[in-house]
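Colleague: no sequence on this one, just coordinates:
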């Protein structure tokens, strides 16, 4: 289970795989200088509501991963999350789509 810390005070848990995808999407938006809202559902232990933060190039973000291995990224999920981040409502979690099949390369497939 990983943790996203916003401005040193707002802390939310995400599994490492989800957090890795969020880091990529958020980083891409911030490199472009594009601020946006990020909304997530709160855990039932703190009221089962939702939280929204304003992500901007000068905000303080910490991504804390608890696993030692870097998760494999799903390009389809990155695209889906980026789509929400670029919408008027801002970034929010969507279910992970199926991973595209890995293409196997074989020598006999190469036409020379």
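Modeller: Done, it's in. A quick note: this is a predicted structure, and the numbers were derived from the prediction, not measured.
Colleague: What is the burial count for residue 37?
Modeller: Close neighbours of residue 37, defined as other C-beta atoms under 10 Å, add up to 15. To be clear about C-beta, it is placed using only N, CA and C from the backbone, and glycine gets the same treatment.
Colleague: The longest helix belonging to the chain packs against which elements?
Modeller: In the chain, with assignment by DSSP state H, the single longest helix is helix 16-31. Applying 3 or more C-beta pairs under 8 Å, 6 or more residues apart in numbering; DSSP states H and E, one finds that helix 16-31 contacts strand 2-6, strand 50-55, strand 61-64, helix 75-85, strand 91-92.
Colleague: what is the orientation angle of the following helix or strand past that helix with helix 16-31?
Modeller: Counting by DSSP states H and E, the next helix or strand C-terminal to helix 16-31 is strand 36-41. Angle, strand 36-41 to helix 16-31, by axes from the mean of the first three to the mean of the last three C-alpha atoms, to 10 degrees: 160 degrees.
Colleague: Could you check how far the closest residue to residue 5 other than its chain neighbours is from residue 4?
Modeller: Leaving aside its sequence neighbours, residue 5 sits nearest to residue 62 (C-beta to C-beta, 6 or more residues apart in numbering; 4.1 Å). For residue 62, the distance to residue 4 (C-beta to C-beta, to the nearest Å) stands at 7 Å.
Colleague: now swap in residue 48 and tell me
Modeller: 19 Å.
Colleague: Equivalent analysis for residue 43, please.
Modeller: Distance, residue 43 to residue 4, by C-beta to C-beta: 13 Å.
Colleague: quick one: which of the two has more around it?
Modeller: Per other C-beta under 10 Å, whichever of residue 43 and residue 4 has more neighbours is residue 4, with 21 against 11.
Colleague: Share the number of residues neighbouring the residue nearest to that one when sequence neighbours are not counted, please.
Modeller: In space, and not counting its chain neighbours, residue 4 is closest to residue 12: 5.2 Å by C-beta to C-beta, 6+ apart. The number of residues packed near residue 12 is 18, by other C-beta under 10 Å.
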